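>>> Got a predicted structure plus its sequence, pasted below:
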Amino acid sequence: MPQMNKGGKFIFGRSVIRGDGGVQIPPQAVEEYGITGEGKVYLFTGSKSTGGFCVTRKGLLGPSKLGHILAELPGLEGYALGPGEFIRYKGRAYCWADISPEGRLVLTPGMLDLLRLEPGMELLSIRSSDIAFTMGAKGPLVERSEAYTGEIPVF
């Protein structure tokens with residue numbers, strides 16, 4: 001999996017949004033973030049430049065410097081909101097979703113609308129921090145990946 005330029009972001013691969021809204025998280029991201037270990041993940045809207053969404057789990061987000069998000073959104077922290085039901089907080093929208101042991105999650109039509117995504121789109125899986133990774137839909141990094149001559153696996 002490439003680091004497309006020296007000092008640049010690390011790319012785990014590309015994931016295609018399937019017709020049923022299914023998205024397969026690249027295995028290396030699944031392993032590195034232990035993302036399937038809790039059976040649920042938190043999704044939140046990506047940056048304005050990259051779009052898409054970021055993925056994390058309670059065990060990573062809770063003890064982090066962003067743990068206050070869960071403390072201030074108890075419906076999110078305790079999974080009391082319905083799966084895929086976004087709640088807005090400080091400029092971003094957050095929800096939770098089930099994830100399979102293999103790293104597959106399903107984005108409902110409502111989730112796709114809010115995230116401005118649609119079946120058939122490719123998302124670039126990008127290491128963002130030690131708390132979350134990004135499934136980016138647009139922007140300079142996605143454009144550079146399209147011009148990249150090396151191999152970026154597609155899931």
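Looks like it came in fine.
>>> All the helices of this protein, in order from the start?
When assigned using DSSP state H, the helices of the chain occupy the ranges 27-33, 58-61, 68-72, 74-77, 109-115, 140-147.
>>> Least confident of the ones you listed, on average?
Of all the helices of the chain, helix 140-147 carries the lowest average pLDDT, namely a mean of 84.
>>> Quick one: low-confidence residue ranges for this structure.
1-8 (pLDDT under 70).
>>> Swap in 90 and give it another go.
Within the chain, the stretches with pLDDT under 90 are 1-10, 128, 140-155.
>>> Now do the strands in it.
11-16, 22-24, 40-45, 53-56, 87-89, 92-98, 104-106, 122-127, 133-136 (DSSP state E).
>>> re the thing from before, right, so of the helices of the chain, which gets closest to Asp20?
Between Asp20 and the helices of the chain, the shortest gap by Cβ to Cβ is with helix 109-115, which sits at 10.2 Å. The C-beta positions use only the backbone N, C-alpha and C, and glycine is treated the same way.
>>> Can you say which of the strands of the chain is packed in most?
strand 133-136 (a mean of 27; mean count of other Cβ atoms under 10 Å).
>>> Distance check, the nearest residue to Glu85 once chain neighbours are set aside against Lys40.
Leaving aside its chain neighbours, Glu85 sits nearest to Cys95 (5.7 Å; criterion: Cβ to Cβ, 6 or more residues apart in numbering). Separation of Cys95 from Lys40 (Cβ to Cβ, to the nearest Å): 10 Å.
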